[in-house]
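K.L.:
Fold the following and give me the result.
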Amino acid sequence: MARVIADMTMSLDGFIADPDDGVMELFGWFGNGDVETPSHIDTLTFRTSEASAALLREALAHTGALVCGRRLYEVTKGWGGAHPIGAPIFVVTHEPPAQPYAPGATFVTDGVAAAIKQAKAVAGDRDVVVASAEMAQQCLVAGLVDELSVNIAPVLLGRGIRWFDRLGDTPIRLGDPQVVEGRGVTHLRYPVTPGSSS
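P.N.:
Next up is the predicted model:
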C-alpha cells in the first residue's frame, strides 16, 4: 500500500525558499559530492555523498506519484514537462490552466484529499510524495501523511517561505527520526503518529 511522504529541503530556521522563491542556498547538496545518481531527466544527474545518494536512489525507485500545489507548478513551470523523480504529477488547483506546462499532469479541482486518493490509485504499492508547503500543511492537518522527510541545509535564511506556516493549533506528533548525515545536508525522516492531528 502506498505511503504518503511529505518531503522538502529547508533551512535550519524553517524556510524552503527565499522571498523570491530562490532555492540556491538550500539545494547545494544536490551537486556537492562524488556519487552520481541519474534522475529521470537525461540532462540532470545528482552528485552527492553516498549517504544522500542512497536516499535519492530509493526515492527514484519507489515514488509512484507526486502531489503539488498550483503555485509550485507555476514557479517551476511544470519542471519543464517532466519532474526529475519521473512520476505522474497531480496538481491541486481551483482551476486548471488553459495551457499546461507539463504534458500529462493531472489537475485536481476538488481538494488535496481527492488528489492524494487519485495519486495513490496510480502509485499502487509505491509512495506518493507531497511537494510544496501548502499541500504538505493541508495533508498534515488532514491526517493524510505517513512520513515527514526533512532535508536540513546548513544555512539560516532569516526570511522567505516557511514549510510549516499554517498547521492550526493542534499538535502533530511525530515518532523518533531516522537520521542520515550527508555532505552539506542532514536528512531526517519522521513517522507521523496515527491520529496525531485529530
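
K.L.:
In which helix or strand does residue 91 reside?
P.N.:
According to DSSP states H and E, residue 91 maps onto strand 89-92.

K.L.:
per-residue confidence averaged over that strand?
P.N.:
Strand 89-92 shows a mean pLDDT of 95.

K.L.:
same question, stretch 66-83
P.N.:
Summarised as a single mean, pLDDT over stretch 66-83 is 89.

K.L.:
and it, C-alpha only, in CSV?
P.N.:
Taking C-alpha atoms only, stretch 66-83 is exported to CSV below (Å, rounded to 0.1, in the frame of the first residue of the first chain):
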residue,chain,number,x,y,z
LEU,A,66,3.8,13.4,-6.9
VAL,A,67,1.3,15.8,-5.5
CYS,A,68,1.9,19.6,-5.6
GLY,A,69,0.0,22.8,-5.5
ARG,A,70,-0.6,25.2,-8.4
ARG,A,71,1.9,27.8,-7.1
LEU,A,72,4.8,25.4,-7.1
TYR,A,73,3.7,24.1,-10.5
GLU,A,74,3.8,27.6,-11.9
VAL,A,75,7.1,28.6,-10.2
THR,A,76,8.8,25.5,-11.7
LYS,A,77,6.9,25.8,-15.0
GLY,A,78,5.9,22.2,-14.5
TRP,A,79,9.5,21.2,-14.2
GLY,A,80,9.9,21.7,-17.9
GLY,A,81,7.4,19.0,-18.6
ALA,A,82,8.9,16.2,-16.5
HIS,A,83,9.8,16.0,-12.8
